[in-house]
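>>> Structure for this input, please:
(one chain, ligands or ions: 1)
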Amino acid sequence: PSYGTNVTGEGDARDGRKAENEKEDTLTNRQGHPITDNQNLTTVGNRGPSTLENYDYLEKISHFDRERIPERVVHARGAGAHGYFQSYGKVGDDPISKYTRAKVFTNAEKQTPVFVRFSTVIHGAHSPETQRDPRGFAVKFYTEDGNWDLVGNNLKIFFIRDAIKFPDVIHSLKPDPVTNRQDPKRIFDFMASTPESTHMITFLFSPWGIPANYRQMQGSGVNTYKWINEEGKAVLVKYHWEPLQGIKNLTQEEADHIQGQNFNHATQDLYEAIEKGDYPEWELYVQIMEDGEHPELDFDPLDDTKLWYKDQFPWYKVGKMTLNKNPENYFAEVEQAAFGTGVLVDGLDFSDDKMLQGRTFSYSDTQRYRVGPNYLQLPINAPKKHLGTNQRDGQMAYYVDNPPGSDPHINYEPSMMDGLKEAEEKGKAHEPYVSGEVKREAIEHKNDFGQAGETWRRFNDREKDDLISNLVSALSDADESIQKQMIKHMTEADSEYGQRLKEGIENAHTNMNDKQEDAVHDAERMGDVSDPY
Ligand code: HEM
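Residues are numbered from 1 along each chain as shown. Next comes the predicted model:
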């Protein structure tokens with residue numbers, strides 16, 4: 001990686017000079033002092049107390065003491081890979097420039113480098129990869145206009161529609177603060193009082209809640225974004241990744257079996273596929289809707305608990321991503337990678353989706369704490385292009401982001417002498433007109449249950465059986481009031497769905513074992529998925 005000019009202005013400090021008695025592989029400390037004894041503390045006699053002036057030891061152990069940075073508050077467990085994205089340049093029969101001027105899409109000749117991080121959400125950095133949990137699917141595009149991050153999940157919808165509820169939903173899913181165990185009672189206590197989560201719960205407790213690995217799962221931007229064309233005209237868009245390896249989900253039983261043997265199976269699967277040249281690929285699809293409120297729909301297009309059904313809003317294939325290189329250093333590239341929904345380039349924009357707007361503050365905020373204020377100077381996060389900024393200093397400042405030859409005295413703008421200048425406007429700005437009362441109020445068009453019912457009806461028998469079995473098992477210890485509320489929600493979604501959950505819970509103590517066995521399917525059925533979208 002290129003480290004640019006370091007703060008002393010002298011380029012990379014590591015110029016590789018060796019002292020006379022050193023070889024290529026001579027062990028040194030970080031001060032460049034050769035280490036002659038890496039086996040023994042300095043002690044008074046060989047059995048006596050140790051002394052505290054042993055700099056080599058102090059440096060070694062105190063650096064070790066700081067090897068960990070805080071893990072991500074969510075999505076701590078992950079795996080990553082490098083690759084590239086290439087646009088097809090078209091939306092259906094139209095040139096893609098009809099909708100967006102983003103060069104990553106309009107320039108179909110060019111391969112844009114990407115870094116992808118897949119993850120689970122709730123548990124810690126070394127937790128099993130067989131959890132029933134959404135999977136993160138975060139892509140950093142190093143475009144010629146700077147970085148674009150598409151921070152998505154495998155499932156296309158989410159539990160909540162307002163960012164202010166994110167800490168609550170996550171706390172309910174995280175381990176109990178007293179017992180330190182994830183507890184379905186707490187999860188369903190929250191979900192029973194959050195009717196908009198019914199659709200996500202329907203997906204999460206079906207086999208779609210445990211993708212078989214990272215290569216055979218879909219991805220989705222989940223939130224609604226905008227595309228902006230040369231005239232400054234916007235459309236609403238949703239992004240989806242479709243794996244060319246096919247989709248594979250697991251029943252609980254299948255996941256339990258894998259977890260008993262290997263709790264790193266998804267990381268291993270991704271790494272080994274890439275090592276042997278079996279590069280995973282995904283096609284990127286977009287769904288497009290005219291910008292506006294859409295009162296004719298039975299849902300709000302800014303509500304991330306809703307799907308945009310394919311038959312109404314076709315999926316247009318717009319490009320392909322190939323992952324072809326494993327990280328060389330997990331910590332430097334995967335752990336320190338920082339993605340955020342605010343990281344957009346010209347031609348791509350936010351919508352007023354309240355989740356998206358709330359997320360956009362949260363990512364860079366946590367990264368300034370988790371990685372440090374200069375996290376964007378790390379090679380994995382830095383754009384692969386010209387940089388010119390008057391931002392200075394801070395912890396771990398490594399270089400100055402100014403073009404070579406620029407005047408280091410002028411770290412302000414404007415200047416009549418030299419210094420950085422504002423860029424020229426690109427296309428016509430998209431300037432949406434907004435007016436209204438400032439208030440705290442939910443959206444009108446909630447329709448919390450309609451699509452949950454539709455998803456139930458679109459599931460195949462295997463998915464329905466597994467969903468009921470998993471919900472029954474998770475709800476079996478919950479208070480009766482919570483069970484009743486969940487049955488009520490599922491019944492509102494679809495009467496058969498509610499009825500089956502009700503019967504399942506009532507019979508749980510007698511026939512739960514039989515039901516679980518009914519839901520067990522052998523490995524050859526693993527690819528058996530519906531098309532609920
Ligand atoms: C990671 C916040 C909703 C996908 C994170 C992180 C935070 C966060 C603080 C840790 C980032 C880091 O340490 O680098 C939020 C908030 C949300 C929200 C406040 C809602 C208001 C979502 C949704 C999705 C999502 C709806 C799916 C589209 C991800 C992914 C990561 C992540 C994939 C991991 C990125 C990586 O691999 O480093 N989120 N999130 N989040 N979030 Fe969200």
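>>> would you say Leu387 is within a strand?
No: when the secondary structure is assigned by DSSP: H, G, I helix; E, B strand; the rest coil, Leu387 falls in coil instead of a strand.
>>> Look at the spatially closest residue to it that is not a sequence neighbour and report its pLDDT.
Leaving out its chain neighbours, the residue that sits closest to Leu387 by CB to CB, 6 or more residues apart in numbering is Asp401, at 4.2 Å. C-beta: built from backbone N, CA, C; applies to glycine. In this model, Asp401 is scored at 72, pLDDT.
>>> same check, this time on Met526
Residue-level pLDDT assigned to Met526 equals 51.
>>> And the one 4 residues further on, by the same measure?
Among the per-residue scores, Ser530 holds a pLDDT of 91.
>>> Identify the residues contacting the closest residue to it other than its chain neighbours.
If you skip the residues right next to it in sequence, Ser530 has Asn460 as its closest partner in space, 4.6 Å away by CB to CB, 6+ apart. By CB atoms under 8 Å, 6 or more residues apart in numbering, Asn460 lies in contact with Asp528, Val529, Ser530.
>>> 10 Å - rerun?
The contact partners of Asn460, taken as CB atoms under 10 Å, 6 or more residues apart in numbering, are Ser206, Pro207, Asp528, Val529, Ser530, Asp531, Pro532.
>>> List buried residues within those residues.
Among the contacts of Asn460, the ones that count as buried by 16 or more other CB atoms under 10 Å are Ser206, Pro207, Asp528, Val529, Ser530, Pro532.
>>> Pick the one among these closest to Tyr330.
Proximity of these to Tyr330 was ranked by CB to CB; the top entry is Pro207 with 29.3 Å.
>>> Look up how far the ligand lies from that closest one.
Relative to the ligand, Pro207 is positioned 20 Å away (CB to the nearest ligand atom, to the nearest Å).
>>> Can you tell me the element the residue nearest to Leu387 falls in?
With secondary structure defined by DSSP states H and E, Asp401 is part of neither a helix nor a strand.
>>> My guess is it contacts Arg392. True?
Yes: counting by CB atoms under 10 Å, Arg392 is a contact partner of Asp401 at 9.2 Å.
>>> what does the protein have sitting close to the ligand?
Applying the criterion CB under 6 Å from any ligand atom, the portion of the chain that neighbours the ligand consists of 72-75, 78, 117, 119, 136, 138, 151-153, 158, 163, 166, 222, 337-339, 355, 358-359, 362-363, 366-367, 370.
>>> Among those, name the ones in strands.
Cross-referencing the residues of the chain next to the ligand against strands under DSSP state E gives Gly78, Arg117, Ser119, Gly136, Ala138, Val151, Gly152, Asn153.
>>> can you redo those residues as CSV with pLDDT and distance to Ser62?
Written out in CSV, the entries for these read as follows (pLDDT from 0 to 100; distance: CB to CB, whole Å):
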residue, pLDDT, distance to Ser62
Gly78, 98, 28
Arg117, 99, 29
Ser119, 98, 30
Gly136, 98, 33
Ala138, 99, 33
Val151, 98, 35
Gly152, 98, 39
Asn153, 98, 39
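>>> Pick out the most distant pair among the residues you listed.
Taking CB to CB as the measure, these reach their widest spread between Gly78 and Gly152, a distance of 13.4 Å.
>>> Touching, Leu302 and Glu444? I think so.
No: distance between Leu302 and Glu444: 11.4 Å, which falls outside the contact criterion (CB under 10 Å).
>>> between the two, what contacts are shared?
Counting by CB under 10 Å, 6+ apart, the common neighbours of Leu302 and Glu444 are Glu293.
>>> what would the buried ones among the contacts of Asn460 look like in CSV with secondary structure?
As requested, the buried ones among the contacts of Asn460 are exported to CSV (three-state DSSP):
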residue, secondary structure
Ser206, coil
Pro207, helix
Asp528, coil
Val529, coil
Ser530, coil
Pro532, coil
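>>> Kindly export stretch 266-281 (C-alpha atoms) in CSV.
Output in CSV follows, covering the C-alpha atoms of stretch 266-281 (Å, rounded to 0.1, in the frame of the first residue of the first chain):
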residue,chain,number,x,y,z
ALA,A,266,-18.3,-19.4,6.7
THR,A,267,-14.9,-17.7,7.1
GLN,A,268,-13.2,-20.9,6.1
ASP,A,269,-15.5,-21.5,3.1
LEU,A,270,-14.9,-17.9,1.8
TYR,A,271,-11.1,-18.1,2.3
GLU,A,272,-10.7,-21.5,0.8
ALA,A,273,-12.9,-20.8,-2.3
ILE,A,274,-10.8,-17.7,-3.1
GLU,A,275,-7.5,-19.5,-2.4
LYS,A,276,-8.3,-22.2,-4.9
GLY,A,277,-9.4,-19.7,-7.5
ASP,A,278,-13.2,-20.4,-7.2
TYR,A,279,-14.0,-16.7,-7.1
PRO,A,280,-17.4,-15.9,-5.7
GLU,A,281,-19.5,-13.5,-7.8
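>>> for that stretch, which positions count as buried?
For stretch 266-281, burial by neighbour count (16+ other CB under 10 Å) applies to Ala266, Thr267, Asp269, Leu270, Tyr271, Ala273, Ile274, Pro280, Glu281.
>>> Just the ones in helices from those, please.
With helices identified by DSSP state H, the entries of the buried residues of stretch 266-281 that belong to them are Ala266, Thr267, Asp269, Leu270, Tyr271, Ala273, Ile274.
>>> Can you give me the end-to-end span of stretch 76-95?
Between the opening and closing residues of stretch 76-95 we find a distance of 39 Å, counting by CA to CA, to the nearest Å.
>>> in that stretch, what counts as buried?
When burial is assessed from 16+ other CB under 10 Å, stretch 76-95 yields the following buried residues: 76-87, 90-91.
>>> Find the nearest non-adjacent residue to the residue of the stretch 1-150 of the chain at minimum distance from the ligand, please.
Shortest the stretch 1-150 of the chain-to-the ligand distance, computed as CB to the nearest ligand atom: residue-wise this is Gly136, at 2.8 Å. In space, and not counting its chain neighbours, Gly136 is closest to Ser119: 3.6 Å by CB to CB, 6+ apart.
>>> and Ser97, how many neighbours?
Applying other CB atoms under 10 Å, we find 18 residues neighbouring Ser97.
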